[in-house]
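Trainee: Sequence first, then the predicted structure, then my questions.
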Amino acid sequence: MAKKARTAITPTREENFPEWYQQVIKAADMAENSPVRGCMIVKPNGWAIWENMQRTFDVWLKEYGVQNASFPLLIPLEFMNREAEHVDGFATECAVVTHHRLEKDENGKLVPAGKLEEPYIVRPTSETIIGDSMSRWIQSYRDLPMKLNQWGNVMRWEMRTRMFLRTSEFFWHEGHCAFEDHDGATADCMHILDLYEKFFTEVMAFDGFKGVKTPDERFPGANETYAFEAMMQDGKALQAATTHDLGTTFAKGCNIKYQDRDGGEQFVHTTSWAFSTRAIGGMIMIHGDDDGLIMPPKLAAHQIVILPMVKDDNEAQVMGFAEKVAAALKAKGIRVLLDTREMRTPDKMWDAIKKGIPLRVEIGGREADAEQVSCVRRDLGRESKETLSVEAFVEKAEGLLQAVHDELLSRSRKFRDDNTHEGSSVQDLKDFFGAGKIGFMKVPVTLLDDPALEAVMKEYSLSTRCMPFADGGEKVIIAKAY
RNA sequence: CGGAGUGUAGCGCAGCCUGGUAGCGCAACUGCUUUGGGAGCAGUGGGUCGCGGGUUCAAAUCCUGCCACUCCGACCA
């Protein structure tokens, strides 16, 4: 019977992109919904990705002089009041802790008891509680700059959630720094944004647009927000990371003052910046295909999977050889998975494909006899299969992984460029999005003053993404967004 | 928080209109044959039908209240 060409993921991206996204996560066994409203369970295959992200970026932060610390998950409600805009931005999505004990009622059911005098909120972000510490830790200009970061989770009570992209609880790092002046704060925002760009391109294999947010898209309480905006395969934008110049706003709210060189009292200038598990969602939507996830090699828990194809009479030989190959690759520092599970070979193959493992090495009787391996690249598919000697493969493996990375990066860059269009009028936007086309449209910033703009933005659910540095701040990107 | 929809085995669904002791596919498990791009045959196990009331001799099915989730909007890393 002839086999039908069949994709591992149903539906395909073209048929139903949001549903495809969900199915990719499921097929790759990365995460699932939990009994807790809006919160996901990150499974080992998903968490391993986050661990690799943390490991890499944490080193970079420390090189820049950032110190890690940990602040409470709960923030006194009153702290939120310290910055008016901040309150407006987050008040509607705070989980509130009001009790500290459970008791059994007359029916034996547990009910909250021990009402707190002062309720706490579960942190939606930590500006206020870190600012409180800074106000005590900073006395003099000699204490500056102060660069802190915490890896942790936060909670924002979202109306509508989507795994990785928007969940009520999510994981991130949040940097909080204090400087003597505005220049220091701006330089910090720019430096971290550059680190983000380096991280997304060199580790996660996708590019985006660095730029400044328009005022209405700023972080609540920020003077200026800078962002890295990436494009998904459905043409929507994803804000992958942001840095915020908070001016002296939080310094005033939290009373963070220092004595300057002349003995005068000054407010510090603070910044904050973050990326989150959301970037994983972006990675999925940028690189994935109709057979599932494609992992950028630097992020992948397993960079190479070895599939031993044994028959009854050659099991010892094939397995022995496969173990030897695995050991040689591990000695090179490559993360290898030798798949010895009791499954049919084709099922193992599809499993490796759906999980997006960058390189698949097949070793059967033929290879074992000849001391060879067959290798297939996930990004190029089975046509890329090549058979070569063990020595040659081990020598070449790191290069192959780099080639997969380069391919993913250039592929996503091409997609981004092919789908970024120039426009000059509100009518251009209407024509483009009205025709159902996907992608970004870049228009002159002067268009933001056009009274006709708002209606069109609303009609097609558009938002301003950023004013790219590359255009000298004279253009603004308008797109649909996640 | 508005509009719509769905809750039945691990997953996907049928059954509901027209009440009568719960079914299909996939997955799992066992055995044999298979194994280089999604195997075949035979067999086995698994469900308080989201939760609570009501109608009835009898409720997955009808009525009612509640809860959860999904999708579309508004809000957002």
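Mentor: The structure has been received and is ready for your questions. Numbers count the residues shown, from 1 in each chain, chains lettered A, B, ... in the order given.

Trainee: make it CA atoms for all contacts and neighbour counts henceforth
Mentor: Noted.

Trainee: how near is residue A:320 to RNA strand B?
Mentor: Applying CA to the nearest atom of the strand, to the nearest Å, the value for residue A:320 to RNA strand B is 14 Å.

Trainee: dump the residue contacts of residue A:68.
Mentor: Applying CA atoms under 8 Å, 6 or more residues apart in numbering, we find residue A:68 in contact with A:148-151.

Trainee: Show the pLDDT at it.
Mentor: pLDDT, residue A:68: 98.

Trainee: any idea which helix or strand carries the nearest residue to it once chain neighbours are set aside?
Mentor: Sequence neighbours aside, residue A:149 is the residue nearest to residue A:68 in space, at 4.7 Å (criterion: CA to CA, 6 or more residues apart in numbering). For residue A:149, the host element (DSSP states H and E) is strand A:146-155.

Trainee: Pull out the buried residues from that strand.
Mentor: A:146-151, A:153-155 (16 or more other CA atoms under 10 Å).

Trainee: What strands line up against that strand, and which way round?
Mentor: strand A:67-68 (parallel), strand A:169-179 (antiparallel) (DSSP bridges).

Trainee: Next, the contact list for the closest residue to residue A:419 other than its chain neighbours, please.
Mentor: In this structure, residue A:419 finds its nearest non-sequential neighbour in residue A:439, 4.8 Å apart by CA to CA, 6+ apart. For residue A:439, the contacting residues are A:231, A:234-236, A:416, A:419-421, A:479-480, by CA under 8 Å, 6+ apart.

Trainee: For residue A:463, see how far away residue A:439 is.
Mentor: As judged by CA to CA, to the nearest Å, residue A:439 and residue A:463 stand 12 Å apart.

Trainee: Give me the common contacts of the two.
Mentor: A:479-480.

Trainee: Next one: the residue in the stretch 1-150 of chain A that RNA strand B sits nearest to relative to residue A:291, how far apart?
Mentor: Proximity of the stretch 1-150 of chain A to RNA strand B (CA to the nearest atom of the strand) peaks at residue A:8, 2.6 Å away. Distance from residue A:8 to residue A:291, counting by CA to CA: 4 Å.

Trainee: And for residue A:312?
Mentor: 31 Å.

Trainee: With neighbour numbers in mind, choose between the two.
Mentor: Under the neighbour definition other CA atoms under 10 Å, residue A:312 and residue A:291 were set side by side, and residue A:291 has more, 23 against 6.

Trainee: Assign the residue positioned nearest the centre of chain A to helix, strand or coil.
Mentor: In chain A, the residue lying closest to the centroid (CA atoms, centre = their mean) is residue A:279, at 1.3 Å. Put simply, residue A:279 is helix when judged by DSSP: H, G, I helix; E, B strand; the rest coil.

Trainee: What of residue A:102?
Mentor: strand.

Trainee: isn't it right up against residue A:112?
Mentor: Yes: with contact defined as CA atoms under 8 Å, residue A:102 reaches residue A:112; the gap is 4.6 Å.

Trainee: just the helices in the stretch 201-350 of chain A please.
Mentor: Along the stretch 201-350 of chain A, counting by DSSP state H, counting those that start in this stretch, helices occupy A:249-254, A:278-287, A:315-331, A:345-354.

Trainee: The longest one packs against which elements?
Mentor: Applying 3 or more CA pairs under 8 Å, 6 or more residues apart in numbering; DSSP states H and E, one finds that helix A:315-331 makes contact with strand A:304-309, strand A:336-338, strand A:359-364, helix A:365-370, helix A:390-418.

Trainee: returning to what we had before: nearest to residue A:47, of the helices of the stretch 201-350 of chain A?
Mentor: helix A:278-287 (10.1 Å; CA to CA).

Trainee: Okay, angle between the closest one and strand A:169-179 too, please.
Mentor: Interaxial angle of helix A:278-287 relative to strand A:169-179 (axes from the mean of the first three to the mean of the last three CA atoms, to 10 degrees): 110 degrees.

Trainee: Name the residues of the lengthiest strand in chain A that are buried.
Mentor: When chain A is parsed with DSSP state E, its longest strand is strand A:110-122. Residues A:119-122 are the ones in strand A:110-122 that count as buried (16+ other CA under 10 Å).

Trainee: of those residues, closest to residue A:50?
Mentor: residue A:122 (22.1 Å).

Trainee: On the strand side of things, show who that closest one bridges to.
Mentor: For residue A:122, the beta-bridge partners under DSSP bridges are residue A:74.

Trainee: got it, and residue A:170?
Mentor: Beta-bridge partners of residue A:170, as defined by DSSP bridges: residue A:154.

Trainee: Contacts only, for it.
Mentor: Counting by CA under 8 Å, 6+ apart, residue A:170 makes contact with A:39, A:153-155, A:164, A:276-278.

Trainee: Same question for residue A:118.
Mentor: If you count contacts by CA under 8 Å, 6+ apart, residue A:118 has them with A:76-78, A:98.
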